[in-house]
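K.L.:
the amino acid sequence is not available; the structure is as follows:
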């Protein structure tokens, strides 16, 4: 039975694939947002960029661009961790109802996190959404460590 | 049949493993390049590094080192996304010809991206190579989301 | 037989899952450490953070916070690479004794790396621990590339 865990024959795999696709896709969109912000505000980090696309001195301290970059960086830390840990978690044969709850919680918390960061909404809204996603990944990590052996 | 998808019995898996190995290996080389640039230019971020390896004040704004670091960071964002999304994409049982085309396109675009960034070549060469790799991952992400379920 | 490689029926998978869980969990803890350091030192990057949690001007150059962030960033680069490459490596059907040695070496080197970075210990201790983990991932990458095909 374990041989079919990592296939769409396993409904839980389909849910994990969907959740992972959504949050990874959201992370891809942050790259696009950063590029758009750079082009709109004419803020670039490299001299060859300003030479082609306009703008003054190359800089890495424009706060409009840096906010999007920090949001993107936070996605990379948290989303990649979720997908990596979640793949092992799936193989631990978790309770489908609880696993589905974890996947959905993560997706919603990360989408809300992006809204909180880019709006920006007053704290602690961003802190709470980030902590929620972090908690999901932490729970799955504990399950994976307990299922494995040194 | 789906049980053999994630093994070298599946030719497409072998191609994805090779492509992933090459781009992940390239990302590893960027770490080594950063270290070499730090040692050659005596540019370090921590006081214990300058104490041992020489150099003046710790800094994070040397443009020779920062260019390599930005290239490395761009690899992390894009290469890790490709491998994560691609693993799910492989399980969606894609058309082997099209999937092979996507994998090869990604590998070539990322290798060219590094050349464009480090040379550096005039824009929009780097922009186009980055967008190409991004497009490959985006296409695979859409296929994964469509194959999964919430 | 290859169909059971990615399950806990394969003892090597259990070891890889454990190793990956530990280093990914350690990376999660770095997020928590960064947040603790921000709250303790009242150092934040966004105006909405200082408005809620106190502190003076938003900054990204406080050296206490930045050291933890660099350590975290180094984890992201190296730990995520290890887990991604290791998943393919597992499917290449490696010698279990050697693979176990690689996994354990990686886990220990990354834990020591964090100690070296946060203490901080004099160089080249951090350099050696980082290079050790890097070498493990590089060895596995070569094995994956050799097992795959373009």
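P.N.:
Ah, there it is. Note that the structure is predicted; figures quoted are calculated from it, not measured. Residues are numbered from 1 along each chain as shown, chains lettered A, B, ... in the order given.

K.L.:
for the closest residue to residue A:42 other than its chain neighbours, give me the pLDDT.
P.N.:
Spatial nearest neighbour of residue A:42, chain neighbours left out: residue A:55 (3.4 Å); criterion: C-beta to C-beta, 6 or more residues apart in numbering or on different chains. (Each C-beta comes from the backbone N, C-alpha and C, glycine too.) With respect to pLDDT, residue A:55 scores 74.

K.L.:
quick check: residue A:55 vs chain C, distance?
P.N.:
Taking C-beta to the nearest C-beta, to the nearest Å as the measure, residue A:55 falls 21 Å from chain C.

K.L.:
repeat that for residue A:69.
P.N.:
On the measure of C-beta to the nearest C-beta, residue A:69 and chain C end up 10 Å apart.

K.L.:
where does chain A have its least confident helix or strand?
P.N.:
Ranked by mean pLDDT, DSSP states H and E, the weakest helix or strand in chain A is helix A:47-53, scoring a mean of 81.

K.L.:
buried ones in that helix?
P.N.:
By 16 or more other C-beta atoms under 10 Å in any protein chain shown, the buried positions in helix A:47-53 come out as A:48-50, A:52.

K.L.:
in chain A, where is pLDDT below threshold?
P.N.:
Within chain A, the stretches with pLDDT under 70 are A:1-3.

K.L.:
contact partners for the residue of it positioned farthest from its centre?
P.N.:
For chain A, the largest distance from the centre (C-alpha atoms, centre = their mean) belongs to residue A:51, which lies 32.6 Å off. Residues near residue A:51 by C-beta atoms under 8 Å, 6 or more residues apart in numbering or on different chains: B:122-123.

K.L.:
equivalent analysis for residue A:65, please.
P.N.:
Applying C-beta under 8 Å, 6+ apart to residue A:65 gives the contacts A:34, A:37-38, A:41, A:43.

K.L.:
in chain A, which residue sits nearest chain B?
P.N.:
With C-beta to the nearest C-beta as the measure, residue A:18 is the residue of chain A nearest to chain B, at 2.9 Å.

K.L.:
okay, buried residues for the host helix or strand of that residue please.
P.N.:
Residue A:18 belongs to helix A:11-41 when elements are defined using DSSP states H and E. In terms of neighbour count (16+ other C-beta under 10 Å), helix A:11-41 has its buried residues at A:12-28, A:30-31, A:33-35, A:37-38.

K.L.:
equivalent analysis for stretch A:135-150, please.
P.N.:
Those would be A:136-138, A:140-141, A:143-145, A:147-148, for stretch A:135-150 by 16+ other C-beta under 10 Å.

K.L.:
and stretch A:65-75, by the same measure?
P.N.:
Applying 16+ other C-beta under 10 Å to stretch A:65-75 flags A:65-69, A:71-75 as buried.

K.L.:
what's the answer for stretch A:100-116, then?
P.N.:
Residues of stretch A:100-116 classed as buried by neighbour count (16+ other C-beta under 10 Å): A:100, A:102-103, A:105-107, A:109-110, A:112-114, A:116.

K.L.:
these in helices, which ones?
P.N.:
Judged by DSSP state H, helices contain the following of the buried residues of stretch A:100-116: A:100, A:102-103, A:105-107, A:109-110, A:112-114, A:116.

K.L.:
show me what contacts the residue positioned nearest the centre of chain A?
P.N.:
Among the residues of chain A, the one closest to the centroid is residue A:79, at 2.9 Å (C-alpha atoms, centre = their mean). Residues near residue A:79 by C-beta under 8 Å, 6+ apart: A:23-24, A:26-27, A:110.

K.L.:
farthest-separated two in the ones in helices among the buried residues of stretch A:100-116?
P.N.:
Within these, two members stand farthest from each other by C-beta to C-beta: A:100 and A:116, at 24.3 Å.

K.L.:
near chain C, which residues of chain A are found?
P.N.:
A:2-3, A:5-6, A:66-67, A:70, A:76-78, A:80-81, A:84-85, A:87-88, A:91-92, A:120-124, A:126-127, A:134, A:137-138, A:141-142, A:144-145, A:147-150 (C-beta under 8 Å from any C-beta of the partner chain).
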